[in-house]
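Enquirer: Quick one: sequence plus predicted model below, questions after.
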Amino acid sequence: MKIHGIVPARVALSALVVICLITARNSYCADTNSVTTTNVVSYAPALLPGNGLAQHPFVYTGEWDHRANRDQTIFVVRAGKVVWTYSIPINNTNGTLQELGDATMLSNGNIVFCRKVGASEITPDKKIVWNMDAPKGTEIHSIQPLGTDRVLIIENAKPAKLMIINTVTGQTEKEMDLPTPHPDKSPHLQFRRVRLTKEGTYLAAHLDDNKVAEYDADGKAIWSFTTPGPWDAVRLKNGNTLISSYHNTVLEVNKQGETVWQLSAKDIPEYKCFIFQEVNRLDNGNTVICNWCPADIKDTNKWPGSVQVLEVTPEKKVVWALSEWKNPDLGPASSIQLLDEPGTPENPGDLQR
């Protein structure tokens, strides 16, 4: 179908929408950045706000992409194109599930990441320069760079362990236990994010204990906030804490435990919200959320059509909705680092807004 001649912009836009709707049954409408293929269920508006892959440069990865013959991949996107990838099989050589859930690019271009059964640092030319394997029966879902030569690792275990490891010498410089209230259960759901703050405290999202807790250097709890299924917790520069929930909610709470800002599915009804995983507050005040779908959409053929990442203003307007399931297929979203944000990623607190 072609449109001939010169038409006003408003008419041209309407025509483009019509074209997209006509072709939606069998193809992607690339012009609108929407995903519309055969057997795809729509979980978002036909026209998505923002500039798709070109909205920000970013590092991206996600947990449990269990589609057939699907590797687990870290993506680097710049100028709207995938410029670098690193993949691992969904199962390691022992047949154990691997999950890429946390990845950060350092100022030197290296990326530190965890894969459930271990953690590594990789160079831009894909050389592994540091690696650790998780002991049997333990899992690693959280890794934070501290400078370019140290990392903070959380080992889900009985009990869970917080460790600071020197990636040059391989030495463990600090180790302390974190409370694990359900020692009879699998450690899988203990933690997804624990972060060192600029004050030298540790902010831990206790996913299986329905609370966020802050610990001092000796492991003493100095602050806590009760909330269902906290997945991520970020200490903001204003002293508040930004929390994402397993129950598709984001909260900003102050030291007094008061909620000063909140986003839930009812605030953006045109989008299907799944499990909110990593959350970040941008320098402009917007909030970026990873919207992870695998637990809620059992049929993997229906994953396309869902929005993987949302950027929301303080007024709760969605200004960027990323849905990329074909050319490139980014897979589910657990971790995103925007590379156009000011600050140094390996300095704790430098990226806190």
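Expert: Sure, I can see it.
Enquirer: Would you mind naming the helix or strand containing Gly285?
Expert: Of the helices and strands defined by DSSP states H and E, none includes Gly285.
Enquirer: For burial, what's the neighbour tally of it?
Expert: 10 (other Cβ atoms under 10 Å). C-beta here means a position set from N, CA and C on the backbone, and glycine is covered the same way.
Enquirer: pLDDT below threshold where in the protein?
Expert: Residue ranges of the chain with pLDDT under 70: 1-40, 351-353.
Enquirer: Nearest residue to Thr167 in space, please, no chain neighbours.
Expert: Once flanking residues are discounted, Thr167 sits nearest to Trp130: 4.0 Å by Cβ to Cβ, 6 or more residues apart in numbering.
Enquirer: Give the other helices and strands that the strand or helix carrying the one you found contacts.
Expert: Using DSSP H and E, Trp130 sits within strand 128-133. On a contact count with 3 or more Cβ pairs under 8 Å, 6 or more residues apart in numbering; DSSP states H and E, strand 128-133 meets strand 118-122.
Enquirer: And for Ile140, the neighbour number?
Expert: Ile140 has 26 neighbours, counted by other Cβ under 10 Å.
Enquirer: bridging residues for the closest residue to it other than its chain neighbours?
Expert: Closest residue to Ile140 apart from its sequence neighbours, by Cβ to Cβ, 6+ apart: Cys114 at 4.5 Å. On the basis of DSSP bridges, Cys114 is bridged to Asp102, Ala119.
Enquirer: Leaving aside the residues adjacent along the chain, what's closest to Tyr215?
Expert: Spatial nearest neighbour of Tyr215, chain neighbours left out: Tyr202 (4.6 Å); criterion: Cβ to Cβ, 6+ apart.
Enquirer: ok, how many other residues are close to the one you found?
Expert: Residues contacting Tyr202 under the criterion other Cβ under 10 Å number 23.
Enquirer: shouldn't it be in contact with Ile164?
Expert: No. Judged on Cβ atoms under 8 Å, Tyr202 makes no contact with Ile164 at a distance of 10.2 Å.
Enquirer: who's in contact with the helix or strand harbouring Leu162?
Expert: Using DSSP H and E, Leu162 sits within strand 160-166. Strand 160-166 is contacted from outside by 132, 146, 149-155, 171-180, 187, 190-191, 194, 202, 219, using Cβ atoms under 8 Å, 6 or more residues apart in numbering.
Enquirer: Can you give the strand pairings for that strand, parallel or anti for each?
Expert: Sheet pairing of strand 160-166 (DSSP bridges) gives strand 150-156 (antiparallel), strand 172-178 (antiparallel).
Enquirer: so the first one versus strand 128-133, what angle?
Expert: Angle, strand 150-156 to strand 128-133, by axes from the mean of the first three to the mean of the last three Cα atoms, to 10 degrees: 30 degrees.
Enquirer: begin at 507 from here
Expert: Sure thing, new numbering starts at 507, so read that last one as strand 656-662.
Enquirer: what about Gly624, distance to Ile659?
Expert: Distance of Gly624 to Ile659, computed by Cβ to Cβ, to the nearest Å: 10 Å.
Enquirer: Of these two, which one has the most company?
Expert: Neighbour count, other Cβ under 10 Å: between Gly624 and Ile659, Ile659 has more, with 23 against 19.
Enquirer: give me the number of residues near the nearest residue to that one once chain neighbours are set aside?
Expert: Among residues not flanking Ile659 along the chain, Met669 sits closest, at 4.8 Å (Cβ to Cβ, 6+ apart). A count of nearby residues for Met669, using other Cβ under 10 Å, gives 16.
Enquirer: Met669 bridge partners, please.
Expert: Counting by DSSP bridges, Met669 is bridged to Ile659, Glu681.
Enquirer: those helices in the protein, which residues are they?
Expert: Using DSSP state H, the helices of the chain run over 515-529.
Enquirer: Show me the domain layout of it.
Expert: Annotated domains of the chain cover 507-538, 539-844 [automatic domain parsing].
Enquirer: want to try a markdown table for the ones you listed, with distance to Asp856 as columns?
Expert: Formatted as a markdown table, the domains of the chain follow (distance: least, Cβ to Cβ, whole Å):
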| stretch | distance to Asp856 |
| --- | --- |
| domain 507-538 | 36 |
| domain 539-844 | 8 |
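Enquirer: looking at those, which is closest to Pro854?
Expert: For the domains of the chain, proximity to Pro854 was assessed by Cβ to Cβ; domain 539-844 is nearest, at 4.6 Å.
Enquirer: thinking again about what came up before, check contacts around the residue nearest to Thr673.
Expert: Per Cβ under 8 Å, 6+ apart, neighbours of Trp636: Ser626, Glu627, Thr673, Val674, Gly676.
Enquirer: distance of the first one from Phe581?
Expert: Taking Cβ to Cβ as the criterion, Ser626 is separated from Phe581 by 16 Å.
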